[in-house]
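Peer 1: What follows is a predicted protein model with its sequence.
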Amino acid sequence: MLSKKWSILVAALLVGTTLLTACGGAPQVVTVEVTKVVAGETVVEVVTATPPPPPKEMRPNVLYTNFGPGDVPTIDPALSTDTSSVQVVDEITVGLTRLHEVSLLLEPGMAESWTVSDDGLTYTFKVRQGIPWVRWNGSAVEEVLDCEGNVRYVTANDFEYGIKRTGSPDTASDYAYVLGFAIKGLNELNGAAGWGDLTAEEKQALVDGVAVKALDASMLEVTFTTPAVYNLNIIGLWVGHAQPKWIIEGDDCTEARGDRWTEPGFNQSYGPYVLKEWIHDSSMTLVKNTLWPGIESVPVPQIDEIQFAMLDASPAFSEYEAGNLDTTGVPLPDMDRVKADPLLSQELIIAPSGCTYYYGFNVTKAPMDNVHMRRALSHAVDRQGLIDNVLKGGQEPAQWFCRPGNAGCPTMADHPDTGIKTDAEAAKAELKAYMDEMGFTSVDQIPEIVLMYNTSEGHKRIAEAVAEMWKESLGIQVTVTNQEWKVYLVTVQEDSPQVWRMGWCLDYPDANNWTREVMDVGGSASASTQWTNDTFHQILMDAALEPDPVKRQDMYAQAEQILVYDDAAIIPMYWYTRVTVTKPYVNRTYSQHGHEAYEKWSLNLEIE
Amino acid sequence: MAVSEAVVPVRRRTASLWADALYRLTRNKASVFGGSLVILLVLTAVFAAQLSPYSYSDQDREQTDAVPSWIMGLFPMIKPYAKLSGEFPLGADYVGRDLLSRLIYGAQISLSVALVGPLIALFVGTVYGLISGFFSGRVDNLMMRFVDIMYAFPGMLLIILMMAFFRSAFSESEPGTFAYLMNAIDRRFGGMLFIFVGIGITAWMGTARLARGQVLSLREQEFTLAARAMGAGNGRIIFRHLLPNVLGPLVITVTLAIPGYIATEAFLSFIGLGVNPPTPSWGSMIADGSQSIRTYPHQAILPALALSITMFAFNFLGDGLRDALDPRLRGTQ
Amino acid sequence: MGRYVVRRIFWMLLVLFLISLITFAMEHAVPGGPFDREKKLPAEIIANLEERYHLDQPYWKQYALYLYDVLVPRITKQKPLSMADETMINVKLGGAYYLRWMNFGPSYSSRSRTVNDIIREQLPVSLQLGLLSMAVALSIGLPMGILAALKQNTIWDYLGMGVAIFGVSVPVVAMGPVLVWIFGVALKWLPPTGWGTKPPYLFFFVPHNLFTWNFWRYALMPAFAVGTGFSAIIARLTRASLLQVIHEDYIRTARAKGLAERVVITRHALRNALIPVVTILGPMFAAVLTGLFVVEQVFGIPGLGRYFITSITNRDYPVIMGTILLYAIFLVIANVLVDITYAWLDPRIRYE
């Protein structure tokens, strides 16, 4: 009876003091007088007890971040072009190769190794085995089973299917042309004339003509069009990731979901994260794929869940300050305040980023059809003034298009005078040359110029400042208009105005991705510039194969000179920086290529 | 119909309707206040060029977001980072344009909408309603059915659809077409033409109904019969006899709708379907300021104040006008 | 009475038909369809897509097909063939039969969502906000109007009407940012943007966290911004109506009978005075709903109104048409109900 009382007493005291200290904070040492019976004798002892420290509050192992306004357009690898789409695709699937997000070096991905043929055109990739297709079943990540009840693993066939599906005209992929530049036979498929009228056999023949073949479940053979150095980059792009044929087209035991296969509930993937929830226009949640074994380049993730909001820059920043987002970009209007704030300025990081901001011309529309006029406008942009007063983000004025630091791109150290610079006098001289050529006596005779940008506060400010710069130094009044991103893209492709705004971020760190794939004929901006130049094209073709890096850089410098000065097809404005704030408990990397590698992030879970 | 304050009529010497209305209007303190504000605003808009220290589009990019000291005193939280400058009475915006000048020119935009909206409503609506009511029968039926349909259209949605339609279809038109011409004119006026058309299209229906109702009741009255007996033709009857009697309630309705037009234009500019930059509309200034609300709150609060005060003024004036022109209170205090 | 109702309903359908026609015509007057501008698409693929969305048919046929999809309920046995065939109302009848009704078609800006999905996800938010705004309007407007009428020509009257004018004079575009700054930035009491609930909802629109602070903290400012404007209308109407009723003979009788003033007002005057207010509640709600996109835009609320604006800039025609039709239906139903109520109350109107 005594021992019972004793235990109860001690227990009560311990509990009592624990509770008190939990409220009080620091654990305190407590002394208790205890009466106990030892070998028949009653002894009174003084016992010191330190109650256990109160458990520290833990935050959930969830990362809260933001995509930007508007829904994610799609997470179908074949159809993705948007940064947010690519971000998701790269988290839920992995390509044959991948880029290290910080060093931008090529790494193996789902292909653990590869061999090259002697002519440098044919690669045989060894696809990793044992990685299952998975899906979220409402409460956990589970493996996808085939019709016999066996687990479906990722095979070379899935990659073959993925690439061919991307290239098929039926899929109507906007990015297939990138694969088409590199993979033999893909352009013939993607650009097939009269596709709708072809017979099934003819269509199949074209599909079979694409030089991507799964030799067996683990070996994939790909033949490229040229032995270019960047072939391995291209095959690893998201458009070449494996895709699950059975859920898209259906099979004996699976219903075909067609375009809806990416919806939550139907989506299947294999990468480090899995799609858990997608509330359109509102949020998306990815959950850790517990069945991802982890490979060297793509480790097992440490963060259990990632929740993406879809907020505009300004409300996103409000949420960050309120503690509901862990990282976000700093909107332009808040820059001053963030830099001056003791807390926020600590969380602010301005890092270089692999993007270039530029204004393009439509060289078929007057007065942009005259090179003097184009050069005049380009010279008249006060890039440094823009950066210091309007952007305030430590960006660098761009003298050419391709971002320094990428393989082959000229650098300011080596080519300080290449390209075009801000020069008010030169601008006026060029304008005079134009007016003399056209026989104009006053600027009012110049045809109307429309400057268009996609709706965003940042672009608006830049456009208004630049329009005013042109008015101040050249006396030309341009009309500034804007369109929503989606419509803007179509307008700029179909019938671009005289001057249009665009940015380009690297897909892989090579000048080819910039100058060739954007600016050259057939590139993503060529329909907007309507500009071609045979010398430019030839230099790029040669440079793609040039092995000597110094010579290669010089060739691209030559090409840039044509692009931004001789022909002045675009106005390079500045090379981006990333201006972000991140909470101190997030351990993160800063990706150089436009989307993050969340599988390498982690959180400090204890709340200070 | 709203019942005004129960009043004990105090008889005065009866005057004409308008003189009597004016008398009563000037006695109403609230409407005098509103009226004077409106006059002040009109003067500001008319003499905008003289009143504003700078142009509304000149940028001083070295002084973006500069603030004067009194704003710093009012919003002490901006002290750590705000740039002090004595050159701008209300501060500068994000590209260094003077806020005061932009507010003053913004008055032009709002007041021109306040003027044009009712004008279109009055003109189109009255003529439409007069014709419909006068001819009655089938013509009237058809015309009023059309009005009913337009009425059933969700108003704001219609305006937004129209503005988007104008801004896209017309701006992509080929040179030489009507659409291209309209677009060119619109651009010259900073985007105002389409706003006027958009508001006009939705404004005339109420007036038309009212005018028609009035005409229907007046048509059968004796003075109309008398005029007809004396040989007056239709046109003469409509314009010399019916119109003056109809005008009173119409003016009231139209004036009361002005704040609505101003708010509509402000919202259209807020979402970007209104004026083109750099034309300053209070709505677009509020939109710009909302972006900086955490950093420089005055950039949004000042145009919001301007907009609210203007609408207050017109509301007071409109209410006063309605009470003044109410025939039941004729001849009373 | 029955004939009057039938006439009104017929009229309603006619109006809706004409509205849809006008909207349809305006959309297609904008040059270019949604697909013939894709850069990399071969003409054959465009043709395929156009066939899927019926764009290769002559305009009248497209229009007819659209109306048929929206208005005609069907009873079918099969599951929908493709996404584009799904409907908003899907009721399972006995056996393997489904009653399908209201298919607004696929969205042009999203390849995996139909207009029905969009409406199902976004309309409830607008409904929630609309109802809350009405609640705010009533809770401010009614007491103010009653007080102003009872204490006519005193400070209460002027104060009440002054506040009413305030509500009407400060538009949401102006009030929004100011509220956001005061409560969201300076005091940090309320979140400046966003909405506190997400699907799924009960009974189509009731949020499951209705009684939590998390829902209300997002809803307070926008509901207030919208509600103040309408509270002015309610206040004025209540005041005028109550003033009129107070001077009626039967009120004098009640007072003469010796009833307490409070009883006179609440038992007799108010009940009759509130009739006009009740009758405008329907149209007012419709007006609130169709005007919500202003506040949704200002406060970043993911409702149908805000999506409507986005769909306009994205040239997403089915969404545009679907939204306009939906709102027009609300408006027209509300107006017709009011007309019927008035006709029931005042028999003279029936014979107009």
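Peer 2: That came through, no problem.

Peer 1: Can you tell me which residue of the stretch 251-352 of chain C sits closest to chain A?
Peer 2: Per Cβ to the nearest Cβ, C:Thr313 is where the stretch 251-352 of chain C lies closest to chain A, at 3.9 Å. For glycine as for every other residue, the C-beta is placed from the backbone atoms N, C-alpha and C.

Peer 1: show me what contacts that residue?
Peer 2: A:455, A:483-484, A:487, B:164 (Cβ atoms under 8 Å, 6 or more residues apart in numbering or on different chains).

Peer 1: The same query, at a cut-off of 10 Å, please.
Peer 2: Going by Cβ atoms under 10 Å, 6 or more residues apart in numbering or on different chains, C:Thr313 touches A:455, A:482-488, B:164, B:167-168, B:271-273, C:109.

Peer 1: Residue 278: neighbour count?
Peer 2: Just going to use chain A. 21 (other Cβ atoms under 10 Å in any protein chain shown).

Peer 1: Oops, wrong one, chain C.
Peer 2: Neighbours of C:Val278 (other Cβ under 10 Å): 9.

Peer 1: if I look at it, how far off is C:Ile234?
Peer 2: The gap separating C:Val278 from C:Ile234 is 11 Å, by Cβ to Cβ, to the nearest Å.

Peer 1: between the contacts of C:Thr313, which is nearest C:Ser241?
Peer 2: Each of these was scored against C:Ser241 by Cβ to Cβ, and B:Ile271 proved nearest at 36.5 Å.

Peer 1: Does the closest one touch C:Val294 like I think?
Peer 2: Yes. Assessed by Cβ atoms under 10 Å, B:Ile271 is found in contact with C:Val294 at 8.6 Å.

Peer 1: got a list of what residue 212 touches?
Peer 2: Answering for chain A, as no chain was given. With Cβ under 10 Å, 6+ apart, A:Val212 has these contacts: A:156, A:159-164, A:167, A:179, A:183-186, A:220-223, A:235, A:240.

Peer 1: could you do chain C instead?
Peer 2: C:196-197.

Peer 1: Then B:Gly283?
Peer 2: With Cβ under 10 Å, 6+ apart, B:Gly283 has these contacts: B:106, B:109-110, B:262-272, B:274-275, B:303-304, B:307, C:171, C:173-174.

Peer 1: Taking those residues, please make a PyMOL selection of just the buried ones.
Peer 2: Of the contacts of B:Gly283, the buried ones can be selected in PyMOL as follows, counting by 16 or more other Cβ atoms under 10 Å in any protein chain shown:
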select buried, (chain B and resi 106+109+110+262+263+264+265+266+267+268+269+270+271+272+274+275+303+304+307) or (chain C and resi 171+173+174)
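
Peer 1: Please go through the contacts of B:Gly283 and note which also touch chain A.
Peer 2: Here is what survives when the contacts of B:Gly283 are matched to chain A using Cβ under 10 Å from any Cβ of the partner chain: B:Gly272.

Peer 1: what residue is smack in the middle of chain B?
Peer 2: In chain B, the centroid-proximal residue (Cα atoms, centre = their mean) is B:Ala114; its distance is 2.2 Å.

Peer 1: Okay, and which of the contacts of C:Thr313 map to helices?
Peer 2: Per DSSP state H, helices hold the following members of the contacts of C:Thr313: A:485-488, B:164.

Peer 1: Check those and tell me the two furthest apart.
Peer 2: A:Trp485 and B:Ala164 (15.8 Å).

Peer 1: Which one of these two is surrounded by more residues?
Peer 2: B:Ala164 (22 against 18).

Peer 1: list the contacts for the spatially closest residue to the more buried one that is not a sequence neighbour?
Peer 2: In space, and not counting its chain neighbours, B:Ala164 is closest to C:Ile312: 4.4 Å by Cβ to Cβ, 6 or more residues apart in numbering or on different chains. C:Ile312 sits next to A:484, A:487, B:157, B:160-161, B:163-165, B:167-168, B:271, B:273, C:27, C:319-320, C:323 when contact means Cβ under 10 Å, 6+ apart.

Peer 1: Likewise for B:Leu90?
Peer 2: Counted by Cβ under 10 Å, 6+ apart, B:Leu90 has contacts B:53, B:67-68, B:70-71, B:98-103, B:298-299, B:302.

Peer 1: what's it sitting at in phi/psi?
Peer 2: Reported as degrees, to the nearest 10, the phi and psi values for B:Leu90 are phi -110, psi 0.

Peer 1: Could you check how far it is from chain A?
Peer 2: Per Cβ to the nearest Cβ, to the nearest Å, B:Leu90 is found 17 Å from chain A.

Peer 1: Low-confidence regions, the stretch 1-150 of chain C specifically.
Peer 2: C:1, C:29-55, C:78-85, C:110-112 (pLDDT under 70).

Peer 1: what are the ranges of the strands in it?
Peer 2: Taking DSSP state E, counting those that start in this stretch to define them, one finds strands in the stretch 1-150 of chain C at C:74-76, C:89-92, C:98-101.

Peer 1: Throw these into JSON lines and include mean neighbour count and distance to chain B, thanks.
Peer 2: What follows is the strands of the stretch 1-150 of chain C, written out as JSON lines (neighbours: other Cβ atoms under 10 Å in any protein chain shown; distance: least, Cβ to the nearest Cβ, whole Å):
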{"stretch": "strand C:74-76", "mean neighbour count": "12", "distance to chain B": "27"}
{"stretch": "strand C:89-92", "mean neighbour count": "12", "distance to chain B": "22"}
{"stretch": "strand C:98-101", "mean neighbour count": "18", "distance to chain B": "22"}
